[in-house]
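Colleague: With the input below, show me the fold.
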Amino acid sequence: MIPYGRQIISDADVEAVVAVLRSDFLTQGPQVPAFEQALAAFCETPHAVAVNSATSALHIACLALGVGPGDTVWTCTNTFLASANCALYCGADVEFLDIDPRTLNVSVPELAAKLEAASAAGRLPKVLIPVHFAGLPCDMAEIAGLARRHGVAVVEDASHAVGARYGDGSPVGSGHHSDITVFSFHPVKIMTTAEGGAALTRDGALARKLALLRSHGMSREPEEMRGAPDGPWYYQQLALGYNYRMTELQGALGRSQLPRVPAWVDARHALADRYDQELAGLPLLLPWRGSPARSALHLYVVQLDEERTRVSRRHAFEALRAGGIGVNVHYIPVHTQPFFRERRAQSLPAAERYYARCITLPLHAGLTVEDQDTVIARLREVLQ
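Modeller: Down below sits the predicted model:
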């Protein structure tokens, strides 16, 4: 089976992890802080806080921004469940936004109209979570302007977008358009720490909150304590936190992987160029690649053109899987999930239409031209 995504592990990655196994620290040692410093430098931002998953990063991002019972968080429905669940973990509610059919990211005009209506009704969200779907950055300059106008905090869910760049050329994660940016380092993403994630910010106070929340709400820093410490062994719990720490093994793997991200993104673009060329004559809607931003191209998602084919998405999916092509579907709109539908019924037609005809094709930096040719050939057979 040719997978839609997979990790690339080099001998240097293995050696980095083995070195940690032979060291004195498997957790809370020097590797994670070193990875955080490298990631912050890579993204041109002052602070990176590494955690055990992007889900954890989203959770503590909401907590650090004060999300709690009675608040509402808005996010795009074309995403993974974690982008919404993080609000519920804080006791808040969540509402979903529809997509732009071209970018598959949040519809900025809909967001603007919804914010105006919410402002008039006194029901503005506490936090907005735009999602950089498939690695393509949202129009964060526009989104940030809207959010600032209404006093709404912004958390970028950039789980797909390590190595991406905004339209102005600055790296995703630099933090100029949001309060916090979240990355994922799951094995199918651009780079991996096995499981893992990070929250990046330009705000030092927010960074300290994030670091506190990832480790039980506990501090050993005398300047953060309430009263003088009893001695050098002393610690205080200052907030209700969680055990969301990243291990030293993961930090070492992340440090080893990070320098290769630009080359991996370049490789994904080259493969996407081949897909664009070879699939042009098929009854498909190909990903829009006309943005001034540079996508990390975590996913290459096609949509069946219903006006040019009678092949259903289900038939195409099953036929491709039967032929050894590990296609997938990204995403089932979160607002249609039973859990969320029972909380609040919403109709978001652009996302629903997109979902009904989308298929994710294999795309990762380790995909060979021969395997890609097999994907293309099988897809032609299914559709023609």
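
Colleague: Against Val188, how distant is the residue nearest to Arg6 when sequence neighbours are not counted?
Modeller: Among residues not flanking Arg6 along the chain, His364 sits closest, at 5.5 Å (Cβ to Cβ, 6 or more residues apart in numbering). Quick note: C-beta positions are derived from backbone N, CA and C, even for glycine. Separation of His364 from Val188 (Cβ to Cβ, to the nearest Å): 8 Å.

Colleague: between the two, which one's more packed in?
Modeller: His364 (25 against 16; other Cβ atoms under 10 Å).

Colleague: Contact partners for that one?
Modeller: Pro3, Tyr4, Gly5, Arg6, Ile8, Val188, Arg268 (Cβ atoms under 8 Å, 6 or more residues apart in numbering).

Colleague: So which of these sit within helices?
Modeller: Those of the contacts of His364 mapping onto helices are Arg268, per DSSP state H.

Colleague: which one of the contacts of His364 is nearest Gly163?
Modeller: Arg268 (9.0 Å; Cβ to Cβ).

Colleague: ok, the closest one - contacts?
Modeller: The contact partners of Arg268, by Cβ under 8 Å, 6+ apart, come to Ile190, Ala296, Leu297, His298, Leu363, His364, Ala365.

Colleague: Mind putting the contacts of His364 into TSV with distance to Arg341 and pLDDT?
Modeller: Below are these laid out as TSV (distance: Cβ to Cβ, whole Å; pLDDT from 0 to 100):
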residue	distance to Arg341	pLDDT
Pro3	31	97
Tyr4	27	98
Gly5	28	97
Arg6	33	97
Ile8	38	98
Val188	27	97
Arg268	34	98
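
Colleague: Just the buried subset of the contacts of His364, please.
Modeller: Among the contacts of His364, the ones that count as buried by 16 or more other Cβ atoms under 10 Å are Pro3, Tyr4, Gly5, Arg6, Val188, Arg268.

Colleague: any idea how far the last one lies from Val94?
Modeller: When distance is defined by Cβ to Cβ, Arg268 is 31 Å away from Val94.

Colleague: One more: Asp11?
Modeller: Relative to Val94, and taking Cβ to Cβ, Asp11 is found at 44 Å.

Colleague: of these two, who's got more company?
Modeller: Ranked by neighbour count (other Cβ under 10 Å), Asp11 and Val94 place Val94 first, with 23 against 7.

Colleague: Pretty sure Ala48 sits in a helix.
Modeller: No: the assignment for Ala48 by DSSP: H, G, I helix; E, B strand; the rest coil gives strand, which leaves it out of any helix.

Colleague: who's in contact with it?
Modeller: The contact partners of Ala48, taken as Cβ under 8 Å, 6+ apart, are Glu36, Gln37, Leu39, Ala40, Gly173, Ala198, Ala199, Leu200.

Colleague: what do you get if the cut-off is 6 Å, keeping everything else the same?
Modeller: Applying Cβ atoms under 6 Å, 6 or more residues apart in numbering to Ala48 gives the contacts Glu36, Leu39, Ala40, Ala198, Leu200.

Colleague: Helix, strand or coil: sort out the last one for me.
Modeller: Reducing the assignment at Leu200 to three states with three-state DSSP gives strand.

Colleague: nearest residue to the residue positioned nearest the centre of the chain other than its sequence neighbours?
Modeller: Centrality entry for the chain: nearest residue to the mean C-alpha point is Ser159, 1.5 Å, by Cα atoms, centre = their mean. Nearest residue to Ser159 in three dimensions, chain neighbours excluded: Ser184, at 3.6 Å (Cβ to Cβ, 6+ apart).

Colleague: And that neighbour, how close does it get to Val131?
Modeller: Taking Cβ to Cβ as the measure, Ser184 and Val131 are separated by 11 Å.

Colleague: for the buried ones among the contacts of His364, which one is nearest Arg344?
Modeller: Val188 (30.2 Å).

Colleague: In space, what's closest to that closest one - neighbours in sequence excluded?
Modeller: Nearest residue to Val188, sequence neighbours excluded (Cβ to Cβ, 6+ apart): Gly5, at 3.4 Å.

Colleague: Helices of the stretch 151-300 of the chain, residue ranges please.
Modeller: Secondary structure of the stretch 151-300 of the chain (DSSP state H, counting those that start in this stretch): helices at 204-213, 248-257, 261-278.

Colleague: Quick one: closest of those helices to Met225.
Modeller: helix 204-213 (11.9 Å).

Colleague: quick one: buried residues of the closest one?
Modeller: Within helix 204-213, judged by 16+ other Cβ under 10 Å, the buried ones are Leu206, Ala207, Arg208, Lys209, Leu210, Ala211, Leu212, Leu213.

Colleague: Also stretch 321-341?
Modeller: Buried residues in stretch 321-341, counting neighbours by 16+ other Cβ under 10 Å, are found at 323, 325-328, 330-336, 340.

Colleague: Redo these as CSV? Include pLDDT.
Modeller: Formatted as CSV, the buried residues of stretch 321-341 follow (pLDDT from 0 to 100):
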residue, pLDDT
Gly323, 97
Ile325, 98
Gly326, 98
Val327, 98
Asn328, 98
His330, 98
Tyr331, 97
Ile332, 98
Pro333, 98
Val334, 98
His335, 98
Thr336, 98
Phe340, 97
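
Colleague: Looking at these, which are in helices?
Modeller: Phe340.

Colleague: now the buried residues of stretch 321-341 as CSV including distance to Leu104?
Modeller: Shown next, in CSV, are these (distance: Cβ to Cβ, whole Å):
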residue, distance to Leu104
Gly323, 26
Ile325, 21
Gly326, 21
Val327, 17
Asn328, 15
His330, 9
Tyr331, 10
Ile332, 14
Pro333, 11
Val334, 14
His335, 15
Thr336, 16
Phe340, 19
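
Colleague: for the buried residues of stretch 321-341, which one is nearest Asp305?
Modeller: Using Cβ to Cβ, Val327 comes nearest to Asp305 of the buried residues of stretch 321-341, at 16.8 Å.
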